[in-house]
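J.: the following block contains a protein sequence and its predicted model.
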Amino acid sequence: MSIAQTILQALLTGLAYGCLLGPLFFLVLNTVLKKSFKHALALVAGAFFSDQILMWSSWLFSAQISTLVSSDWFRQGFGVAGGLILISFGLPPFLLRQHDGGAGKLKLPGKDKYSLFFVQGFLLNLLNPSNWLFWIGLSATVVSGTESAQLSTGVFLLTVALMMLLTDFVKLLIVNKLKKRISGALIRTISRGAGLILIGLGAWALIKTLLAA
């Protein structure tokens, strides 16, 4: 396969996975509506950084990581940790002051620091088992032993990651654009709806993990 075909295939793969509305999207949605575009951008940057760790680790240590992911303690540990983090990320919209002029400022201290939002995006993405499975499965299907194929694999995986970053950024721009056209009351309603989805996803992850234990 030529480099051009590899890049095209990677673009389509990244686009398909990036367009899925996973937990990160709802956290970004909440952050744009209740904080700012820059705070949400820090989330996306954190998620992209964790994707880089998963991508290169899956490529270089695919056999070891596959064994790790298939272990019971990994699934249970990540299921519980991921579920608790999702629930905690979904709670802030319900901890807002009732009368804040539509600004939706959080009572919790230190929440305006971009670094904290970067860490939130990083942890949410890293503790999502589906991301591990995605990168491991993707690496397993494209990795080959020859030197030229190794270069092609690196180009493929990096292009997928960049395409996913691009789709996250486009979704962020769309939400930020819509934010300017809707009322404060609707913003609060949408934000709480996204929060409920995060809490529901977290509860589902916890229940699934505990039942499988």
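T.: Yep, it's here. All values reported here derive from a predicted model rather than from experimental measurement.

J.: residue 172 contacts residue 40, doesn't it?
T.: Yes. Between residue 172 and residue 40 there is a contact under CB atoms under 8 Å: 5.5 Å. All C-beta spots, glycine's among them, are computed from the backbone N, C-alpha and C.

J.: quick one: buried residues of the helix ranked longest in the chain?
T.: For the chain, the longest helix by residue count, based on DSSP state H, is helix 147-179. For helix 147-179, a neighbour-count test (16 or more other CB atoms under 10 Å) marks 152-154, 156-165, 167-169, 171-172, 175-176, 179 as buried.

J.: counting neighbours, what do you get for residue 196?
T.: By other CB atoms under 10 Å, 14 other residues sit near residue 196.

J.: that one contacts residue 30, correct?
T.: No. Residue 196 is not in contact with residue 30 according to CB under 8 Å; the separation is 10.5 Å.

J.: now for the two: what residues contact both?
T.: Shared contacts of residue 196 and residue 30, defined by CB atoms under 8 Å, 6 or more residues apart in numbering, are found at residue 90.

J.: who's in contact with the nearest residue to residue 19 once chain neighbours are set aside?
T.: Spatial nearest neighbour of residue 19, excluding adjacent residues (CB to CB, 6 or more residues apart in numbering): residue 167 at 5.8 Å. Applying CB under 8 Å, 6+ apart, we find residue 167 in contact with 14-15, 18-19.
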